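Novice: quick one: sequence plus predicted model below, questions after.
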Amino acid sequence: MHGPAEGEAKLRYGMNEFEVVRPGHFVRCAVTGVRIPLADLSYWNAEVQEPYASAEIAQARAKELGEADPS
């Protein structure tokens, strides 16, 4: 049986770190929907509370949002 900690996590994104609100193993990229293991999560936007699978996706989304540089 799988517990909630083995599924999708819910995070609160800060400028340089994130806080786990609901434990889990992964989050989903806000743009592509791909699973991102928490250990691999490096890119997110704290202002809009979105995680991204890569720097390229984060930069493209920042452009869409009219931002210069995502956190």
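Specialist: Perfect, I can see it now.
Novice: mind listing the strands for the protein?
Specialist: Assigned by DSSP state E, the chain shows strands spanning 10-13, 18-22, 26-28, 35-37, 43-45, 50-52.
Novice: pLDDT weak spots in this structure?
Specialist: 1-5, 68-71 (pLDDT under 70).
Novice: so which residues of it form helices?
Specialist: 55-65 (DSSP state H).
Novice: quick one: contacts for the closest residue to residue 50 other than its chain neighbours?
Specialist: In space, and not counting its chain neighbours, residue 50 is closest to residue 30: 3.6 Å by C-beta to C-beta, 6 or more residues apart in numbering. Glycine gets a C-beta too; all of them are placed from N, C-alpha and C. Residues counted as contacts of residue 30 (C-beta atoms under 8 Å, 6 or more residues apart in numbering) are 50-52, 61.
Novice: just flag the most distant two among the residues you listed.
Specialist: 51 and 61 (10.4 Å; C-beta to C-beta).
Novice: who has more neighbours out of those two?
Specialist: residue 51 (23 against 20; other C-beta atoms under 10 Å).
Novice: all good on my end, thank you.
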